[in-house]
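Novice: quick one, what's the 3D model for this:
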Amino acid sequence: MVRTHGMGLLAELFDFAQDEEEQGRAWIEEVRLSRMLEVSSVSGGASYEVTDGAPRFLNLVEAENVHVFYGEEFASLMDSAEMRFPVEPTAHIRLVCAQVYPGLPARPPDFPSVDAAGLAPVVQFGRINVPQERLDDFNGWYSRDRGPLCEKVPGMRRMRRYSPVEGERLMIVLYEMEDESVRETPEWKHMNASEWTARVRSYYRQEPGSPGVYTRRGYAR
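Specialist: Numbers count the residues shown, from 1 in each chain. Here you go, the predicted model:
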């Protein structure tokens with residue numbers, strides 16, 4: 001049975017001191033993510049390591065909606081002693097995000113493998129600052145220019161955009177790909193060369209290290 005992708009996303013990004021990096025990586029993947037995935041209302045998740053950008057480590061957890069991350073079961077887990085870091089990260093960004101594109105009941109983007117279960121082997125994760133007065137143009141770009149062009153990129157599984165309800169006041173964009181070669185295809189380059197894209201890039205600002213490209217290390221469900 002193909003897993004349903006929910007409208008809620010918890011994204012956590014981490015860096016650790018070099019001499020504690022392996023211990024930190026193992027813990028956020030084998031303990032922190034693993035325990036989150038045991039929560040009954042969580043639909044799936046994956047751990048990633050950066051190949052381009054920063055921070056180095058990324059955990060993604062999907063749920064039906066953002067309320068799951070504030071429910072008693074999930075909140076109790078996060079407050080428990082077992083979820084305390086064994087080594088302190090030098091950076092820890094936590095974002096609880098509500099999906100805004102594609103929205104329901106709108107038709108989802110028509111990717112050939114859109115129903116593939118689980119988060120993709122490679123993701124591009126962007127954290128973008130958009131001026132308030134430009135939001136209408138940015139939203140139009142995503143739904144009428146970026147989305148249709150992205151559907152034509154071979155090897156692209158899904159593209160989604162989120163608005164954080166906790167964390168930085170940013171636009172979060174998530175592209176799921178079969179492998180890193182997707183970003184080298186003519187279709188990907190064409191998508192990034194549209195006139196509307198050039199205009200949008202003139203006013204938005206990427207956060208440091210964004211967009212990060214990440215390769216999946218492990219996932220469940």
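Novice: so the most centrally placed residue in the chain is in which element?
Specialist: The structure's the chain has its C-alpha centroid closest to Leu174; by Cα atoms, centre = their mean the separation is 4.5 Å. Per DSSP states H and E, Leu174 falls inside strand 171-177.
Novice: okay, buried residues for whichever helix or strand comes after that strand please.
Specialist: Note on strand 171-177: by DSSP H and E, the next helix or strand toward the C-terminus is helix 186-191. For helix 186-191, burial by neighbour count (16 or more other Cβ atoms under 10 Å) applies to Glu187, Trp188, Met191. For every residue, glycine as well, the C-beta is placed using N, CA and C.
Novice: which residue is the nearest non-sequential neighbour of the second one?
Specialist: Taking Cβ to Cβ, 6 or more residues apart in numbering as the measure, Trp188 lies nearest to Val153, with 5.1 Å between them; neighbours along the chain are not counted.
Novice: quick revisit: what residues sit buried inside the strand holding Leu174?
Specialist: Neighbour counts over strand 171-177 (16+ other Cβ under 10 Å) mark Met171, Ile172, Val173, Leu174, Tyr175, Glu176, Met177 as buried.
Novice: repeat for stretch 60-68
Specialist: Neighbour-count burial for stretch 60-68 [16+ other Cβ under 10 Å]: Leu60, Val61, Glu62, Ala63, Val66, Val68.
Novice: now do it: everything it contacts.
Specialist: The contact list for stretch 60-68 (Cβ atoms under 8 Å, 6 or more residues apart in numbering) reads 4-11, 33, 36-37, 39, 41-46, 48, 69, 74, 96-98, 119, 123, 165, 174.
Novice: quick check on the residues you listed: which are buried?
Specialist: 5-11, 33, 36-37, 39, 42-46, 48, 69, 74, 96-98, 119, 123, 174.
Novice: helices along this protein, start to end?
Specialist: Under the criterion DSSP state H, the chain contains helices at 21-27, 34-36, 72-79, 135-141, 147-150, 186-191, 195-201.
Novice: sweet, I'm off.
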